[in-house]
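*Asks:* Here is my input; please provide its structure:
(chains A and B)
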2 protein chains.
Amino acid sequence: MGAMQHKIRSLESVRDLVDEALENLVLERLSSTGEGPAMMLARDVLLAGGKRYRPILTLLAFEATGGTDLGKIVDLAVAAELIHTATLVHDDINDQSRTRRGRPAVHATHGISHGVIAGDYLFVLAFERCGGYEARIVERVAAACIQVASGELLQLKHIGDLGTKPEDYYGIIDGKTAGTFATVCSCAAIYTGSSEDYIKPMESYGKELGRAFQLVDDLLDLTGDPSMGKPRGTDAQEGKMTLPIIHALTMLHGVEREQLADVLTNFGDDRMQELIGLLEKAGSFDYSRQLISNHVERALWHLHKIPASNARDLMADIAKMSQTRTA
Amino acid sequence: MGAMQHKIRSLESVRDLVDEALENLVLERLSSTGEGPAMMLARDVLLAGGKRYRPILTLLAFEATGGTDLGKIVDLAVAAELIHTATLVHDDINDQSRTRRGRPAVHATHGISHGVIAGDYLFVLAFERCGGYEARIVERVAAACIQVASGELLQLKHIGDLGTKPEDYYGIIDGKTAGTFATVCSCAAIYTGSSEDYIKPMESYGKELGRAFQLVDDLLDLTGDPSMGKPRGTDAQEGKMTLPIIHALTMLHGVEREQLADVLTNFGDDRMQELIGLLEKAGSFDYSRQLISNHVERALWHLHKIPASNARDLMADIAKMSQTRTA
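*Replies:* Modelled structure (predicted):
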């Protein structure tokens, strides 16, 4: 990756940088005789879009903490997206999901073995990209990946568990999502040579933003507009205990609590409206929205511990927008 | 890992070093609240034995090329075994194998999702361990992992393909096995600061040994004594085209060729003796044994390009023993 000293002007421009780096990687590896087939398998899911939060945050946090040559941090940004995509490919096997990013999941088209190998390959590409960074950064990235695996195990443990507590939920989302957001932001700050005065706020910003992001995701699974591309009710279908559901299970009593337990235990598309009605009655959507707002506020508060800059403004924009996204 | 300056005296002592390092890692992570469950899942397969070729070769190649403080290379040795174990856990899902290292496979006991996550976790532990090494080493390790994924895809592509050629077979085993052997030996030499005069022979030794090792493995799948712990005929059962089979398909003609094709296409335990008979008639076992002997000879020839030492002698012992192992 050559020198790339242009400053980030907009979220579109940083996204373009990320997409370009990913496309270059795909093209380079597709033309390799040995590696071509592995990249053929991984290409679609890698280039199918996705929000690119992790790499975008990596680049922004780098510039916001004084980094200048974006070319030096691009490998880390790409690694973050590769790791994320690897976990999606493997998650889809585990959840038996048929689609991802609007396309058929790798395992759905090519079978489980190819899905497993494609995910492994994406992990290794990420690993390769991290070779140039100091041990302290690699260790943090690895720790974040371990948190993802641990969060997934915790999630599996609580599938269909109506006794799941809010702290279990936070354990799951901190592992699966917030930890990786926190890690990319803090690693970018470490790489610019920042002191803990900047590393810590970057980490906390990422963590709070990641929590807000996952809470919104889980809310959209219940309240989202399916025409925006996301099917509804998949979490309930898979027995995943998200925060609105955990909240309603605590708030409702008597007949309504029993009805909710029955809906969750015997869930199907035909019971979606019933579930929504119960969650509304329990105030669970308002509760979730309040928590999302709290996490965004905290993210912004941490962000203001670093000096004002265009990159910092864009990080604030991401936090604010995360609250109102509809897909 | 503290200083560990004792010289390697025997293969037993180097194996003990490896096992101790793995056990320490397992114990350390088991006691972590977040990570404990992931390590619980991975522990059995990690400590269930295995030949530990890759970490043992890492330590020996390090000492044979002038390395003194073994403590500095232990992380790389452990990483090699972690990567190998990760691929075994995922392979067992892909091959639907029920046992591994004499125990039930992770996915067989805990389900596919837990198997996928356990393998990912082992990969990440390896990645974490590599953080302290220079980019050149990390890139080689990553390249070896990519070769493993590519070799697996090539193998899947040739499942049940009676037209598989010897060069396809070598493409598969170089990717899946020989590449990782070559990589650990060459990376150890790079780490000692050796010139290409030593790095190259170490790489070639590893590659030839890895080929011999895999050829023996595939031969034992046909001729081995099941009481030594390995079931027989699993490759034929899974439609894997190993070298003796590829050879026999080329050598036999007419009725015998048709019989072999039928045995392979409709394989079952009851046809094992028929398969063995055909392979003997085609001279395929002798052919495989000759190739194994050639690879071992070449491994020894490359080994003699580095100076004599106890570690070098042990590496030669491994090559010679690989030829006569029975399990």
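*Asks:* what kind of secondary structure is the residue lying closest to A:G160 once chain neighbours are set aside in?
*Replies:* Across the structure, with Cβ to Cβ, 6 or more residues apart in numbering or on different chains as the measure, the residue nearest A:G160 apart from its sequence neighbours is A:G239 (3.8 Å). To be clear about C-beta, it is placed using only N, CA and C from the backbone, and glycine gets the same treatment. Of the three states, A:G239 takes coil under DSSP: H, G, I helix; E, B strand; the rest coil.
*Asks:* Around A:G239, how many other residues sit close by?
*Replies:* Neighbouring residues of A:G239 were enumerated by other Cβ atoms under 10 Å in any protein chain shown; the total is 16.
*Asks:* can you pull the contacts of it?
*Replies:* Contact partners of A:G239, counting by Cβ atoms under 8 Å, 6 or more residues apart in numbering or on different chains, are A:I159, A:G160, A:L264, A:F267.
*Asks:* Among the residues you listed, name the buried ones.
*Replies:* Under a neighbour-count criterion of 16 or more other Cβ atoms under 10 Å in any protein chain shown, the subset of the contacts of A:G239 counted as buried comprises A:L264, A:F267.
*Asks:* need the helices for the stretch 101-250 of chain A, in chain order.
*Replies:* With DSSP state H, counting those that start in this stretch as the definition, the stretch 101-250 of chain A shows helices at residue ranges A:106-110, A:112-130, A:135-157, A:166-173, A:179-191, A:196-223, A:234-237, A:243-251.
*Asks:* Surely A:V26 touches A:R43?
*Replies:* Yes. Using Cβ atoms under 8 Å, A:V26 is in contact with A:R43, at 5.3 Å.
*Asks:* in the stretch 151-300 of chain A, what residue is nearest chain B?
*Replies:* Taking Cβ to the nearest Cβ as the measure, the stretch 151-300 of chain A has A:L153 as its residue closest to chain B, at 4.9 Å.
*Asks:* measure that residue to B:M251 for me?
*Replies:* Note on A:L153: its distance to B:M251, by Cβ to Cβ, to the nearest Å, is 50 Å.
*Asks:* Comparing the two, which shows the higher neighbour count?
*Replies:* More crowded of A:L153 and B:M251, by other Cβ under 10 Å: A:L153, with 25 against 17.
*Asks:* For the nearest residue to A:L156 once chain neighbours are set aside, give me its contacts.
*Replies:* Closest residue to A:L156 in three dimensions, ignoring its sequence neighbours and counting by Cβ to Cβ, 6+ apart: B:S113, at 6.0 Å. Residues in contact with B:S113 (Cβ under 8 Å, 6+ apart) are A:I93, A:N94, A:E152, A:L156.
*Asks:* chain center to the one helix or strand in chain A whose mean pLDDT sits lowest: distance?
*Replies:* For chain A, counting by mean pLDDT, DSSP states H and E, strand A:99-100 ranks last in confidence among helices and strands (a mean of 87). On the basis of Cα atoms, centre = their mean, to the nearest Å, strand A:99-100 is displaced by 15 Å from the centre of the chain it belongs to.
*Asks:* Can you pull out the residues in contact with it?
*Replies:* Outside strand A:99-100, the residues within contact range by Cβ under 8 Å, 6+ apart are A:V45, A:A48, A:L88, A:V89, A:D92, A:A105, A:V106, A:A108.
*Asks:* ok, that strand: who's next to it in the sheet?
*Replies:* Strand A:99-100 pairs in its sheet with strand A:103-104 (antiparallel), by DSSP bridges.
*Asks:* The contacts of B:S113 into CSV, with extra columns for pLDDT and neighbour count?
*Replies:* Converted to CSV, the contacts of B:S113 look like this (pLDDT from 0 to 100; neighbours: other Cβ atoms under 10 Å in any protein chain shown):
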residue, pLDDT, neighbour count
A:I93, 93, 24
A:N94, 90, 21
A:E152, 96, 24
A:L156, 95, 19
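*Asks:* pLDDT weak spots in the stretch 201-327 of chain A?
*Replies:* Filtered on pLDDT under 70, the stretch 201-327 of chain A yields the residue ranges A:229.
*Asks:* can you list the domain ranges for chain A.
*Replies:* Split into domains by automatic domain parsing, chain A comes to A:1-132, A:160-327.
*Asks:* B:M272: which of these is closest?
*Replies:* Closest to B:M272 of these is domain A:1-132 (Cβ to Cβ; 25.0 Å).
*Asks:* got a list of what A:R271 touches?
*Replies:* Taking Cβ under 8 Å, 6+ apart as the definition of contact, the neighbours of A:R271 are A:V263.
*Asks:* Which secondary structure state does it sit in?
*Replies:* Look at A:R271: counting by three-state DSSP, its state is helix.
*Asks:* now it: how far from A:G175?
*Replies:* Counting by Cβ to Cβ, the separation of A:R271 from A:G175 is 29 Å.
*Asks:* Over to A:R312?
*Replies:* 27 Å.
*Asks:* More neighbours: which of these two?
*Replies:* With other Cβ under 10 Å as the criterion, A:R312 and A:G175 differ in neighbour count, and A:G175 comes out ahead with 22 against 19.
*Asks:* hang on, isn't the more buried one packed against A:C145?
*Replies:* No. No contact is recorded between A:G175 and A:C145 when judged using Cβ under 8 Å, the distance being 10.3 Å.
*Asks:* ok, and does the helix or strand hosting A:A79 reach over to chain B?
*Replies:* Following DSSP states H and E, the helix or strand that holds A:A79 is helix A:74-94. Yes. Helix A:74-94 is in contact with chain B by Cβ under 8 Å from any Cβ of the partner chain, via A:A86, A:T87, A:H90, A:I93, A:N94.
*Asks:* distance of the second one from A:D120?
*Replies:* Remark: distance between A:T87 and A:D120 (Cβ to Cβ) = 11 Å.
*Asks:* So which of these two has more stuff around it?
*Replies:* With other Cβ under 10 Å as the criterion, A:T87 and A:D120 differ in neighbour count, and A:D120 comes out ahead with 28 against 24.
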